[in-house]
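*Asks:* Kindly generate the corresponding structure for this input.
(4 chains)
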Number of protein chains: 2
Amino acid sequence: MACREAASLEAALAQVAELCTARGVRLTAQRRRVLELVWRSDKPMGAYDILAAIQAEQPKAAPPTVYRALDFLLAQGLIHKLQSLHAYVGCAHPGQPHAGQFLICTACGEVTELADPGVEHSLGKVAAASGFVADAPMVELSGTCCGCRVDDE
Amino acid sequence: MACREAASLEAALAQVAELCTARGVRLTAQRRRVLELVWRSDKPMGAYDILAAIQAEQPKAAPPTVYRALDFLLAQGLIHKLQSLHAYVGCAHPGQPHAGQFLICTACGEVTELADPGVEHSLGKVAAASGFVADAPMVELSGTCCGCRVDDE
DNA sequence: GCTGTTATGTAATAACATAACGTTTTCCCC
DNA sequence: GGGGAAAACGTTATGTTATTACATAACAGC
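*Replies:* Predicted coordinates for the structure are as follows:
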């Protein structure tokens, strides 16, 4: 969801507002601001990056301010947490909560979210084979993206 | 690698010592101690758990003591880090570095390491399709293991 | 035994996250 | 539109995980 233009960002936020209304949850100003920051960023943002950005306009903000908003957005499936980076990215397919696969380029920092049926199927199979019920698959691939590999030469 | 008996633990450590010699790296006393702690534990250990255990015999140990040993062991493919738990487990297949898939039971804390070809294949395919070269796949499934699901009733 | 490399000691701090508790805002029912 | 419950937020403090920086020690090869 990185690098949105202002127009589509506004549209997406409006959609999210509707979604929240439909669900009976509140997209408060703070939550909206955090979501917007994460979406605008072309890189994953750490919680304290977000905090710093928020403090620019709201100096009284503290860590819980940010973490509460992040918890809400995670629960609503609007952002994802990248465990390997301790950072947050906007979800490419907001809507129902879901798990994706993330390609994380260690050269440029770009993150791509996928939702590959093949991967999901094989994960389901392997869990089933062990009698395991997975409720939170986490798939993060660190490596080098196409563009950065070419640049390497 | 959890719950080894003393005998097989010793044997495994001896094997690791050989492996390190062959690679021209040093399995120092500290590194060995950390590896042994991780292997003995039937649950993933946090860095500060390890630190506490080490401080029992070596009060001067500090965080870098542990993190340096962990870095070494990770680099040698002898342990894995579970990013979703900020904790470390022994590797089920020491030898060349590799990535596995981890089933993490949130009820009992047990962790199972797999190396499923199906999962690896589908991950490879999805990365290739994006022109992405992955060097550190991380797959962790949180959920409920077979035993704990039964106990639930 | 000198020297460069690798490992460790040591102190401080950075970075990430939560606990606890009181106050404010919002919602909803009457 | 007033009152009460629930949700969100402010505030302070602290917990947890990880790293930086620099000094010292151990080791390997010459």
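
*Asks:* Spell out which parts of chain A neighbour chain B.
*Replies:* Proximity of chain A to chain B is assessed by Cβ under 8 Å from any Cβ of the partner chain, with A:83-84, A:101, A:103, A:105, A:112, A:114, A:116, A:118-119, A:121-123, A:125-127, A:130-146, A:149 identified as the residues in range. Yep, even glycine has a C-beta here, placed from its N, CA and C like the rest.

*Asks:* Which of those residues fall in helices?
*Replies:* Using DSSP state H, the subset of the residues of chain A next to chain B located in helices is A:118-119, A:121-123, A:125-127, A:146, A:149.

*Asks:* Nearest to A:A92 among those residues?
*Replies:* Of all those, A:V119 has the smallest distance to A:A92: 15.0 Å, by Cβ to Cβ.

*Asks:* Of the ones in helices among the residues of chain A next to chain B, which pair is most distant in space?
*Replies:* Across those, the two members that end up farthest from each other (Cβ to Cβ) are A:A127 and A:R149, 32.0 Å apart.

*Asks:* okay, these two: which has more neighbours?
*Replies:* A side-by-side neighbour count of A:A127 and A:R149, using other Cβ atoms under 10 Å in any protein chain shown, places A:A127 first with 21 against 15.

*Asks:* and the more buried one, what is it in contact with?
*Replies:* Each residue near A:A127 by Cβ atoms under 8 Å, 6 or more residues apart in numbering or on different chains is listed here: A:133-134, B:103, B:141, B:143.

*Asks:* Tell me the spacing between it and A:L74.
*Replies:* Relative to A:L74, A:A127 is positioned 22 Å away (criterion: Cβ to Cβ, to the nearest Å).

*Asks:* do A:D42 as well
*Replies:* Taking Cβ to Cβ as the measure, A:D42 falls 20 Å from A:L74.

*Asks:* what about stretch A:138-153, average pLDDT?
*Replies:* pLDDT averaged over stretch A:138-153 equals 86, rounded to a whole number.

*Asks:* And it, how far out from the chain middle?
*Replies:* Put simply, stretch A:138-153 sits 19 Å off its chain's centre (Cα atoms, centre = their mean, to the nearest Å).

*Asks:* do that stretch and DNA strand D meet at all?
*Replies:* No: shown here: stretch A:138-153 not in contact with DNA strand D (Cβ under 7 Å from any atom of the strand), separated by at least 13.4 Å.

*Asks:* if we look at that stretch, which residues are touching it?
*Replies:* A:82-84, A:99-108, A:110, A:112, A:119, A:123, B:83-84, B:123, B:127, B:130-142.

*Asks:* Lovely, talk soon.
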